[in-house]
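**Q** Okay, sequence plus prediction incoming.
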Amino acid sequence: MSKPFFDVAIVGTGIPGLAAALGLAQQGLAVALIGPPANPYVPTPEAPFDPRVYAVSPASVALLERLGVWASIDPQRFCPIERMRVFGDQGDELAFDAYGATVERLATLVEEAELLRGLDAACGFQPAIKRFRRSFVSFISQTDSAGISLEDGSEIQAKLLVGADGADSSVRAAAGINASIKSYEQAALVANFECAKPHQNVASQWFTDEGVVALLPLPGNRVSLVWSAPVDLVPELLALSAEHFAARVGQHCPSSGALVLIGGVYSFPLRRVTVSNLIAARIVLVGDAAHVIHPLAGQGLNLGLGDVALLLELARTRESFRDVADQVLLRRYERGRAEAVGAMRFTTDSLARLFAVDDPFVRRVRNVGMTVVNRLGPLKNALIRQALG
Ligand SMILES: Cc1cc2nc3c(=O)[nH]c(=O)nc-3n(C[C@H](O)[C@H](O)[C@H](O)COP(=O)(O)OP(=O)(O)OC[C@H]3O[C@@H](n4cnc5c(N)ncnc54)[C@H](O)[C@@H]3O)c2cc1C
């Protein structure tokens, strides 16, 4: 029996995987979307917002607009970030604002569930996308296509296989692409709070002796926490009652006023994943399959959507090539992403390591460094441009 044949098979139904499937199908390509369905957070009256939220850059919003998905996201559920304040552990401050960067907003805070729902619904309306709601297992690269095996023993063929299957990517492993994985010895605790003082659309981040604590503005008088805490401290923090946890967060974030926890506290181990290549024969990696960075700059998903934007741009030029998996196109993809991924990895990794050092001299230097960057317009503008995407 002949196997179903597609132009592109995408493994992974996270945000980059769904966005890639949608964009390629909109270009008229036949797409196989492989993976268990996404399981977005369901709001409850007690916990109306998803604890997983993303600071989505203007470049990512532009991609979601082009895909026709942004308009489907309820504007009552997202919040513009107009200013960012970063505090060192000796009180020094670095501030960025939309006005100074001559943009309307620095980023937009959106729930993961809203993005997943919007993308999933749009994919559902695309006849060119066929869903395979099971796991990818392996593939064999052939002359004109890749032969892909799924967990139930079924097989499909595709000219191009896109690995959007996250940090532990099976596609990456099956393609023999090396990944160097380093633990940050930290876990990110995420939770939502009601706050006594209005956040005024400001995202704040404190480098503290208990890790990096960020409060991101949600609609209304609510904020979302991302606390990158040393692993040794995490069991103690997770064992605290709701009141004690809120008070502990509040000790690090004096400007937020009293905090009241809404819903649960969730933890995610933090690691860096660096891959040797973003491509192999008939293979492209996007999203966390291609790069995992520290969340202190809130840029991992933005990088993944940047991958998708370039993939879509290159796929549009495919008529001039043998097929959509032509090596020239794949090499252009790899070269095109190298700078953005490398620069963001360098920035986040350097900051995470610099603020993990507990030496009084290093502490002073890094704090003075923040004040200096704050006063140096060109350097500050370069950082803003990197974050805007
Ligand atoms: C605490 C925290 C806060 C963050 N905040 C931000 C932020 O503010 N802004 C930002 O830009 N980024 C942020 N990030 C980064 C962001 O979460 C990730 O970059 C993004 O979720 C990666 O999406 P992904 O789809 O590539 O991977 P994942 O979300 O891991 O999804 C992988 C998908 O692949 C599927 N899959 C896996 N294996 C298989 C298989 N064998 N077969 C089929 N399917 C498979 C899974 O089911 C899943 O659907 C944050 C990260 C953390 C930890």
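**A** Good, I have the coordinates.
**Q** going forward, measure contacts and count neighbours with C-alpha atoms only.
**A** Noted.
**Q** Name the residues of this structure found near the ligand, please.
**A** By C-alpha under 6 Å from any ligand atom, the part of the chain that sits against the ligand consists of 11-17, 34-36, 38, 54-56, 135-137, 164-167, 169-170, 188, 226, 268, 287-289, 295, 298-302.
**Q** Can you tell me which of the residues you listed are buried?
**A** In the residues of the chain next to the ligand, burial by neighbour count holds for 11-17, 34-36, 38, 54-56, 135-136, 164-167, 169-170, 188, 226, 287-289, 295, 298-302, counting by 16 or more other C-alpha atoms under 10 Å.
**Q** can you give me the helices for the protein?
**A** Ranges of helices in the chain, per DSSP state H, are 15-26, 58-66, 112-124, 170-174, 234-238, 242-252, 300-315, 327-354, 360-375, 377-388.
**Q** which strands and helices sit next to the longest one?
**A** If I follow you right, that is helix 327-354. strand 279-280, helix 300-315 (3 or more C-alpha pairs under 8 Å, 6 or more residues apart in numbering; DSSP states H and E).
**Q** which stretch among these comes nearest residue 332?
**A** With C-alpha to C-alpha, the closest approach to residue 332 among the helices and strands packed on helix 327-354 belongs to helix 300-315: 8.0 Å.
**Q** what angle separates that closest one from helix 327-354?
**A** Taking axes from the mean of the first three to the mean of the last three C-alpha atoms, to 10 degrees, one finds that helix 300-315 is oriented at 170 degrees with respect to helix 327-354.
**Q** Flag every buried residue along helix 300-315.
**A** Judged by neighbour count using 16+ other C-alpha under 10 Å, the buried positions of helix 300-315 are 300-312, 315.
**Q** Ok, stretch 224-243 next?
**A** Buried residues in stretch 224-243 (16+ other C-alpha under 10 Å): 224-231, 234, 237, 242.
**Q** Return the member of those residues nearest to the ligand.
**A** Taking C-alpha to the nearest ligand atom as the measure, the ligand sits nearest to residue 226 out of the buried residues of stretch 224-243, at 5.7 Å.
**Q** which residues sit in contact with the closest one?
**A** Applying C-alpha atoms under 8 Å, 6 or more residues apart in numbering to residue 226 gives the contacts 188-191, 213-215.
**Q** again, but for residue 31
**A** Residue 31 neighbours (C-alpha under 8 Å, 6+ apart): 6-10, 21, 24-25, 128-130.
**Q** Of these, which is the most crowded?
**A** Counting neighbours by other C-alpha atoms under 10 Å, residue 21 leads the contacts of residue 31 with 32 neighbours.
**Q** How much space separates residue 43 from the ligand?
**A** According to C-alpha to the nearest ligand atom, to the nearest Å, residue 43 stands 19 Å off from the ligand.
**Q** Residue 201 is in contact with residue 78, isn't it?
**A** No - assessed by C-alpha atoms under 8 Å, residue 201 is found out of contact with residue 78, at 10.8 Å.
**Q** Touching, residue 29 and residue 5? I think so.
**A** No - counting by C-alpha under 8 Å, residue 29 does not reach residue 5; the two are 11.3 Å apart.
**Q** picking up where we left off before, inside strands: which ones of the buried residues of stretch 224-243?
**A** Taking DSSP state E as the definition of strands, the buried residues of stretch 224-243 contribute 224-230.
**Q** Would you mind giving those as a markdown table with pLDDT added?
**A** Formatted as a markdown table, these follow (pLDDT from 0 to 100):
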| residue | pLDDT |
| --- | --- |
| 224 | 97 |
| 225 | 97 |
| 226 | 96 |
| 227 | 97 |
| 228 | 94 |
| 229 | 96 |
| 230 | 95 |
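**Q** ok, now how distant is residue 75 from residue 291?
**A** Residue 75 sits 30 Å away from residue 291, taking C-alpha to C-alpha, to the nearest Å as the criterion.
**Q** can you check residue 273 too?
**A** Distance, residue 273 to residue 291, by C-alpha to C-alpha: 5 Å.
**Q** Name the residues contacting each of these two.
**A** Both residue 273 and residue 291 are in contact with residue 167, where contact means C-alpha under 8 Å, 6+ apart.
**Q** So for these two, which sits in the more crowded spot?
**A** Regarding residue 273 and residue 291, a neighbour count based on other C-alpha under 10 Å identifies residue 291 as having more, with 24 against 20.
**Q** and that one, what is it in contact with?
**A** Residues near residue 291 by C-alpha under 8 Å, 6+ apart: 167, 272-275, 300, 341.
**Q** Which single one of these is nearest to residue 335?
**A** Of all the contacts of residue 291, residue 335 sits closest to residue 341, with 10.5 Å by C-alpha to C-alpha.
**Q** gap between the residue nearest to that closest one when sequence neighbours are not counted and residue 339?
**A** Nearest residue to residue 341, sequence neighbours excluded (C-alpha to C-alpha, 6 or more residues apart in numbering): residue 303, at 6.8 Å. Distance, residue 303 to residue 339, by C-alpha to C-alpha: 11 Å.
**Q** ok, now residue 356?
**A** Residue 356 is 26 Å from residue 339, by C-alpha to C-alpha.
**Q** For the two, indicate the residue with more neighbours.
**A** Ranked by neighbour count (other C-alpha under 10 Å), residue 356 and residue 339 place residue 356 first, with 18 against 11.
**Q** just checking, the more buried one touches residue 211?
**A** Yes - taking C-alpha under 8 Å as the definition, residue 356 is a contact partner of residue 211 at 7.5 Å.
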